[in-house]
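Engineer: Below is the structure, and that's it, no one-letter string:
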């Protein structure tokens, strides 16, 4: 138990301190007689907390109380010194690093002229998050977000909400596309309800999304296949234009994200998901790949596939793939026969 915290003082130390403040000075024998308990340990405790000091007169064994604010000043003096030294070291480190700024700016200017600096792979998730926060803070017109993978993790949504509300409050337009399966995620639906109330637009799509963000049509971030948490930073105008065009094509085919899903809407989305699974099955994709494409769990995907196999009378995935590839395309929402 740290002795320098007043809320950690023992009851005996508190009684002794109350006794001490009523007197100019006292010794252990006097306090023990007055309080009816041995006070040696309490004196040690209060002295360690700087709440008692040797009395200036009357002998080496006499003590006097110290005001709490004065005790705090004595206790905190070493920490205050450490803080000052830490700030000084931070300033020295910042100064050393800033001496490299001219060389960095000259090098990046030369690199941009050759075009090689317009693509940058960032593999550290913390660095990616910091970059997103920086780009969002500087965004002036519009942020586009395309996020496959179903419902968003609660941690990600909690990290995003403050940043996105600030962006919308500045009048920046914000459009986001999720997959249909995100509609059934309560945290995602709650997040969508908050940001759409501030003017954001959110839609969902079944398949075909690429993971990306685009800021003001000049900087984009793309997901990196098989490297979770990594991002490719794109500043090449033609590639950013391609990313924006891909988003717009997906946006046209996407449907508004309802914060409450009616039974009719749920059936419509489920029918579309099944039709997408039929297409991917006929293309020969495995369960895991289909689940990843549609942003659902592998178990949920397998349940859909089992229903589709029953509908077409298939006894194996191979037979189902063959039968489905031989069928003409179904209209959206129609059951598989």
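Structural biologist: Ah, there it is. Values in this document were obtained by computation on a predicted structure and should not be read as measured data.
Engineer: Name the residues of stretch 206-222 that are buried.
Structural biologist: 206-207, 209, 212-215, 219-222 (16 or more other C-beta atoms under 10 Å). Bear in mind the C-beta positions are built from the backbone N, C-alpha and C, glycine included.
Engineer: Filter those down to the ones in strands?
Structural biologist: Judged by DSSP state E, strands contain the following of the buried residues of stretch 206-222: 212-215, 219-222.
Engineer: quick one: low-confidence parts of the stretch 201-337 of the chain?
Structural biologist: Scanning the stretch 201-337 of the chain for pLDDT under 70 picks out 260-272, 295, 317-318, 321-337.
Engineer: Do a quick rundown of the helices in it.
Structural biologist: Shown for the stretch 201-337 of the chain, the helices assigned by DSSP state H, counting those that start in this stretch span residues 237-253, 263-282, 287-294, 298-312, 317-326.
Engineer: ok, now how distant is residue 275 from residue 281?
Structural biologist: 11 Å (C-beta to C-beta, to the nearest Å).
Engineer: More neighbours: which of the two?
Structural biologist: More neighbours surround residue 281 than the other of residue 275 and residue 281, with 24 against 21 (other C-beta atoms under 10 Å).
Engineer: hang on, that one packs against residue 314?
Structural biologist: No: judged on C-beta atoms under 8 Å, residue 281 makes no contact with residue 314 at a distance of 9.6 Å.
Engineer: any shared contact partners between the two?
Structural biologist: Common contacts of residue 281 and residue 314, defined by C-beta atoms under 8 Å, 6 or more residues apart in numbering, comprise residue 320.
Engineer: and of the ones in strands among the buried residues of stretch 206-222, the nearest to residue 69?
Structural biologist: Within these, the smallest distance to residue 69 is 50.6 Å, found for residue 215 (C-beta to C-beta).
Engineer: any idea how far the closest one is from residue 46?
Structural biologist: Applying C-beta to C-beta to residue 215 and residue 46 gives a distance of 59 Å.
Engineer: State the number of residues packed around residue 82.
Structural biologist: Counted with other C-beta under 10 Å, residues neighbouring residue 82 total 10.
Engineer: helix, strand or coil for it?
Structural biologist: Using DSSP: H, G, I helix; E, B strand; the rest coil, the structure places residue 82 in helix.
Engineer: Pull the most distant pair out of the buried residues of stretch 206-222.
Structural biologist: Largest separation among the buried residues of stretch 206-222 by C-beta to C-beta: 206 and 219, giving 28.2 Å.
Engineer: if we can go back for a sec, reformat the buried residues of stretch 206-222 as JSON lines; add distance to residue 251.
Structural biologist: Listed next are these as JSON lines, based on distance: C-beta to C-beta, whole Å:
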{"residue": "206", "distance to residue 251": "14"}
{"residue": "207", "distance to residue 251": "15"}
{"residue": "209", "distance to residue 251": "11"}
{"residue": "212", "distance to residue 251": "13"}
{"residue": "213", "distance to residue 251": "14"}
{"residue": "214", "distance to residue 251": "12"}
{"residue": "215", "distance to residue 251": "16"}
{"residue": "219", "distance to residue 251": "19"}
{"residue": "220", "distance to residue 251": "15"}
{"residue": "221", "distance to residue 251": "18"}
{"residue": "222", "distance to residue 251": "17"}
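Engineer: quick one, strands of this structure?
Structural biologist: Ranges of strands in the chain, per DSSP E, are 26-27, 52-54, 62-65, 119-122, 142-147, 173-179, 201-205, 212-215, 219-223, 231-234, 255-256.
Engineer: hang on, residue 157 packs against residue 191?
Structural biologist: Yes: counting by C-beta under 8 Å, residue 157 touches residue 191, with 4.5 Å between them.
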